[in-house]
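S.K.: My questions are about this predicted structure, shown below with the sequence.
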Amino acid sequence: DTGVSQDPRHKITKRGQNVTFRCDPISEHNRLYWYRQTLGQGPEFLTYFQNEAQLEKSRLLSDRFSAERPKGSFSTLEIQRTEQGDSAMYLCASSQGTAHYNEQFFGPGTRLTVL
Amino acid sequence: GQNIDQPTEMTATEGAIVQINCTYQTSGFNGLFWYQQHAGEAPTFLSYNVLDGLEEKGRFSSFLSRSKGYSYLLLKELQMKDSASYLCAPWNQAGTALIFGKGTTLSVSS
């Protein structure tokens, strides 16, 4: 297994445009998380899936953000009408099982720059 | 709510020992992780504590005191490659998401 992968690695867009990111978790990991990280800060939780069900969304996730995990495998995060404040690194992580000690494996992230 | 506090920066020399402290305030407690993050890279797992006491893994150890809302990461025999950000992350009350601190940037010099 090659680990968690994310695509694209970098995205530059103009304000007002829509963007979509993809995350491929480690095979058979049933939990998938999206985080956002800005410079000098730790990752901030956005949303979490268990299999295909989106079980929790942060208040940070405005109506412009939507995430899906249609078949319980890969996930997409879409941002509509991007704003400059959306510029950040978007990290995906996955874990196996429901035990709290199961570590989350992070992908390399998608760096979004909104001009 | 949850509040995590770590020092922003620390410096140390090769071969030394450094302790990175983390205090947290959580409504419930389901365990705490430490992650390492090199600049421009993804966080990688270092340790997990759920019971009080010390967990040792090679050069890295992590300690937890639930009654004090306190954890620390101990790094021994520091190497230049240990220069990175160290993130303290307890679970949220529901146990569904990690709440990360801002991280401690450690600089190791020769």
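M.R.: Arrived safely, thanks for sending. Numbering: from 1, shown residues only, chains lettered A, B, ... in the order given.
S.K.: any low-confidence regions in the chain?
M.R.: No chain was given, so I picked chain A. The model of chain A has pLDDT under 70 over residues A:1.
S.K.: Hmm, no, I was thinking of chain B.
M.R.: B:1-2.
S.K.: Recalculate using a threshold of 50.
M.R.: Low-confidence segments of chain B, defined by pLDDT under 50: B:1.
S.K.: which residues sit in contact with whichever residue of it sits closest to chain A?
M.R.: Proximity of chain B to chain A (CB to the nearest CB) peaks at residue B:100, 3.2 Å away. (Each C-beta comes from the backbone N, C-alpha and C, glycine too.) Applying CB atoms under 8 Å, 6 or more residues apart in numbering or on different chains, we find residue B:100 in contact with A:35, A:42-44, B:4, B:35, B:87-89.
S.K.: cool, residue A:55 as well?
M.R.: Going by CB under 8 Å, 6+ apart, residue A:55 touches A:48-49, B:96.
S.K.: Would you reformat these as CSV and include distance to residue B:72, neighbour count and secondary structure?
M.R.: Formatted as CSV, those follow (distance: CB to CB, whole Å; neighbours: other CB atoms under 10 Å in any protein chain shown; DSSP: H, G, I helix; E, B strand; the rest coil):
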residue, distance to residue B:72, neighbour count, secondary structure
A:48, 28, 24, strand
A:49, 32, 21, strand
B:96, 26, 18, coil
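S.K.: could these go into a markdown table alongside distance to residue A:64?
M.R.: Putting the contacts of residue A:55 into a markdown table (distance: CB to CB, whole Å) gives the following:
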| residue | distance to residue A:64 |
| --- | --- |
| A:48 | 19 |
| A:49 | 19 |
| B:96 | 22 |
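S.K.: from those residues, which single one is nearest residue A:57?
M.R.: Nearest to residue A:57 out of these is residue A:48 (CB to CB; 8.1 Å).
S.K.: right, and that closest one touches residue A:35 too?
M.R.: No - using CB atoms under 8 Å, residue A:48 is not in contact with residue A:35, being 9.7 Å away.
S.K.: where along chain B do the helices fall?
M.R.: Counting by DSSP state H, no segments of chain B form helices.
S.K.: what does it have sitting close to chain A?
M.R.: Neighbours of chain A within chain B, by CB under 8 Å from any CB of the partner chain: B:4, B:30-31, B:33, B:41-45, B:48, B:50, B:87, B:89, B:91-92, B:94-103.
S.K.: ok, for the residue of chain B closest to chain A, nearest residue in space, not its chain neighbours?
M.R.: Excluding its sequence neighbours, the residue lying closest to residue B:100 (CB to CB, 6 or more residues apart in numbering or on different chains) is residue A:42, at 3.2 Å.
S.K.: So that neighbour versus residue A:93, what's the distance?
M.R.: Residue A:42 is 13 Å from residue A:93, where distance means CB to CB, to the nearest Å.
S.K.: more crowded one of those two?
M.R.: Remark: of residue A:42 and residue A:93, residue A:93 carries more neighbours, 25 against 22, as counted by other CB atoms under 10 Å in any protein chain shown.
S.K.: what sits against residue A:14?
M.R.: Counted by CB under 8 Å, 6+ apart, residue A:14 has contacts A:82, A:114-115.
S.K.: Select from those residues every entry located in strands.
M.R.: Judged by DSSP state E, these include residue A:114 as members of strands.
S.K.: near chain B too, which of the contacts of residue A:14?
M.R.: The subset of those lying close to chain B, counting by CB under 8 Å from any CB, is empty.
S.K.: If you rank the contacts of residue A:14 by neighbours, which is first?
M.R.: Neighbour counts for those (other CB under 10 Å) peak at residue A:82, which has 21 neighbours.
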